[in-house]
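In: Any chance you can model this:
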Amino acid sequence: MGNSSRKTMLAVTCLVLIWGVSWSIYKMALPYTPPLLFAGMRALIGGLLLAAFLLPTWKKMKWRENWSRYCVSALLNAALFYGLQTVGLMYLPGGLFSVLVYFQPVLIGLFAWLWLGEKMSLMKIIGLLIGFCGILAVSADGFTGQVSIVGVVLAIFTAISWALGVIYVKRESGKVDSLWMVALQFIIGGALLTGAGTVFERWSDIVWNGGYLFGLGFGATFGVPIAFVIYFHLMNGGDASKVASFTFLVPLIAVATGTLFLHEPFTYSLVAGLVLIVLSICLVNYRGKKRAVQATYDA
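Out: Model (predicted):
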């Protein structure tokens, strides 16, 4: 494995860990805050922090030329993704909802094949479907409670919005600065969500304690700007469906984190999910290792 490959795998590891532990962190914070305001504030603050860091390169923004691209990305990757996710969790158990949302890597594989011209081999299809089965196994114990058709539809649209957003950013990556794309999509999307929260929720319901502040701080730093900069950097530099396959590990880490820190039960389904997820990653990346290592991992 070359130096570039090691850097890519380190970035993937950091991304999966950040997103994996974020579920438990946000779960601990949500009892102290209305959901839309929480989602909107962490997106808006995260976008503003990244923009402040990028301020010396403000000319790369090219707002007049690219404002429509920023707005489309904000709609798909911030407003709809976080908004639908938050509302959908009101209708479905968290385990079932996360399973449906993490159908996203399979959708990315399909969309990348349709619109980006990436090869869709039988091995890749099998690997992606096995990875989704791994998600089902990991979240098996979350299938409790009444299943709402509204919640199912919202979860599916959440996955579609996220997948379309990733493909859109990858397709437009040559026309805009990728870092400014991430910053502005969360500033615009976060402002929309915060505005919606101001209308439909109450700021007075926020409990400004340590749990809430830690969740907000984590989301506004690691959860939003750092994680998505890493994610879109990886997606722009490699095979979208292969990079997306590693996100199958996120629910596994989320369940493990919940078991360790929130005392959620550890089950055999967790072990079964791990086996299926590892197998999925191996299958999706098999041909890349053999034929196109540089094309896949140079970022």
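In: switch to C-alpha atoms for all contacts and neighbour counts from now on
Out: OK.
In: Could you report the pLDDT at residue 163?
Out: We have a pLDDT of 89 for residue 163.
In: So in this structure, where's the weakest helix or strand by average pLDDT?
Out: helix 293-297 (a mean of 37; mean pLDDT, DSSP states H and E).
In: Could you tell me which ranges of the stretch 101-250 of the chain sit under the pLDDT cut-off?
Out: 139-147, 238-242 (pLDDT under 70).
In: All the strands of it, residue numbers only.
Out: For the stretch 101-250 of the chain, no strands are identified by DSSP state E, counting those that start in this stretch.
In: And the helices in it, which stretches?
Out: Taking DSSP state H, counting those that start in this stretch as the criterion, the stretch 101-250 of the chain carries its helices at 104-115, 122-138, 149-172, 178-200, 210-218, 227-237, 240-245, 249-261.
In: would CSV of those helices with distance to residue 42 and mean neighbour count be doable?
Out: Putting the helices of the stretch 101-250 of the chain into CSV (distance: least, C-alpha to C-alpha, whole Å; neighbours: other C-alpha atoms under 10 Å) gives the following:
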stretch, distance to residue 42, mean neighbour count
helix 104-115, 22, 21
helix 122-138, 26, 23
helix 149-172, 17, 21
helix 178-200, 7, 23
helix 210-218, 6, 18
helix 227-237, 13, 20
helix 240-245, 23, 26
helix 249-261, 19, 20
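In: Which of those sits closest to residue 18?
Out: Checking the helices of the stretch 101-250 of the chain against residue 18 by C-alpha to C-alpha gives helix 227-237 as the closest, at 6.8 Å.
In: I'd like to know how far residue 221 sits from residue 88.
Out: 24 Å (C-alpha to C-alpha, to the nearest Å).
In: where does residue 40 land in three-state SS?
Out: Following DSSP: H, G, I helix; E, B strand; the rest coil, residue 40 is assigned to helix.
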